[in-house]
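Engineer: using only what follows, build the 3D model:
(one chain, ligands or ions: 1)
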Amino acid sequence: MSMWRIALFDAAMKNTIVTTARKTSDEMKILAENTARKLNLKFVERKDFSADALKKIYGAENILIAKKNSLNLLTEEGELFFHPNTAHLRIKNLRQGLGDRLITAGKISNGMKILDCTLGLGSDAIVESFAVGESGKVTALEINPVIAEIVRHGMKNFSDDNEHILKAMRRVEILTTDYLNFLKSAENNSFDVVYFDPMFRHALKKSSGINPIRPVADNRALTVEAVQEACRVAKNFVVMKENSKSHEFERLSFEIADGGKYSPISFGVIDCRTKN
Ligand SMILES: C[S@@+](CC[C@H](N)C(=O)[O-])C[C@H]1O[C@@H](n2cnc3c(N)ncnc32)[C@H](O)[C@@H]1O
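Structural biologist: Sure thing, here's the model as predicted:
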């Protein structure tokens, strides 16, 4: 089942072509060619074609564009590219002792090993990485190979004046895989916390910087099997983020860690410390 899901994503993204920005450079061309080779996708010369024209000529659904410092995927909901987004403010809050809801929910602290099962655009993974520091480790999983590559490239190359953000993002390890596959082969208690931020069952369209990811993300619901595996692998907690009004917390036996009373988002927790 899991191998089938990865194959499904590989096949869906095969319909992606890779090119450069219109005003191109040798650097962009090398990035586009290398990325196409790595992802086993077709590289095409941009020439002076618009993105739409290229999509038509090559019958492609998606177009991945190598720009000066980033890889940008054009999806029907907008342009998907790496940016630390809310990680800036959240790390500032943590440094000022103001806390962070995810870090508090999972009781994440210095030196811990975190498994982030749903990388997406990586903001949560950067915040986790800051919280565990140099002696800890964040491993982040993403099933869509193009999303994983955009964020992997971004976390490695994005420049930021804030050295805390920079160091935190450089330390995140990104793996392209289905979390169920990974969890099944992971040893008991091999991470302190396992985190899921699945695509919400009911999207918060208004607030969402995540819109461009929607057409290419794995939108399937978290399963009871994955949560049970996660609890076997987590020494301390499994944490899930969801829409506050979601019934997913109940269905998957998560306790709400902090009220979603004034927020459209809640964090649910399963305490796995007593499982043995
Ligand atoms: C809501 S986004 C995560 C956002 C992320 N927490 C952030 O801070 O940007 C969910 C991501 O998980 C990925 N995903 C969903 N199911 C997955 C699976 N079975 N294995 C790995 N990744 C998965 C989706 O493709 C999507 O990119």
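Engineer: going forward, measure contacts between C-alpha atoms and count neighbours the same way
Structural biologist: Will do.
Engineer: where in the stretch 151-276 of the chain is pLDDT low?
Structural biologist: 204-209, 259-261, 276 (pLDDT under 70).
Engineer: which parts of it sit against the ligand?
Structural biologist: Thr177, Asp178, Tyr179, Asp197, Pro198, Met199, Ala217, Asp218 (C-alpha under 6 Å from any ligand atom).
Engineer: what about the second one, neighbour count?
Structural biologist: Applying other C-alpha atoms under 10 Å, we find 21 other residues in the vicinity of Asp178.
Engineer: give me the phi and psi for Ala140.
Structural biologist: phi -120, psi 140 (degrees, to the nearest 10).
Engineer: so it bridges to which residues?
Structural biologist: Asp116, Ile174 (DSSP bridges).
Engineer: quick one on the thing from earlier: farthest-apart pair in the residues of the stretch 151-276 of the chain next to the ligand, please.
Structural biologist: Thr177 and Met199 (16.4 Å; C-alpha to C-alpha).
Engineer: picking that back up, same list (the residues of the stretch 151-276 of the chain next to the ligand) but as a markdown table, adding secondary structure.
Structural biologist: Below are these laid out as a markdown table (DSSP: H, G, I helix; E, B strand; the rest coil):
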| residue | secondary structure |
| --- | --- |
| Thr177 | coil |
| Asp178 | coil |
| Tyr179 | helix |
| Asp197 | coil |
| Pro198 | coil |
| Met199 | coil |
| Ala217 | coil |
| Asp218 | coil |
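Engineer: with these in mind, which one is nearest to Gly59?
Structural biologist: Among these, Ala217 lies closest to Gly59 (C-alpha to C-alpha), at 20.8 Å.
Engineer: measure the nearest residue to the closest one once chain neighbours are set aside to Thr118 for me?
Structural biologist: What sits nearest to Ala217 in space, not counting adjacent residues and going by C-alpha to C-alpha, 6 or more residues apart in numbering, is Asn144, at 6.7 Å. Asn144 sits 10 Å away from Thr118, taking C-alpha to C-alpha, to the nearest Å as the criterion.
Engineer: show me where the protein has helices.
Structural biologist: Along the chain, the segments classed as helices by DSSP state H run 2-13, 26-39, 51-58, 87-95, 101-105, 123-132, 145-157, 163-171, 179-185, 224-233, 248-251.
Engineer: how about the longest one, which residues are buried there?
Structural biologist: It stands for helix 26-39. In terms of neighbour count (16 or more other C-alpha atoms under 10 Å), helix 26-39 has its buried residues at Met28, Lys29, Leu31, Ala32, Glu33, Thr35, Ala36, Leu39.
Engineer: among these, which ones lie close to the ligand?
Structural biologist: Among the buried residues of helix 26-39, no residue sits close to the ligand (C-alpha under 6 Å from any ligand atom).
Engineer: just those residues now: which is nearest the ligand?
Structural biologist: Leu39 (16.0 Å; C-alpha to the nearest ligand atom).
Engineer: any idea which of the helices of the chain is most buried?
Structural biologist: Highest mean neighbour count among the helices of the chain (mean count of other C-alpha atoms under 10 Å): helix 123-132, with a mean of 26.
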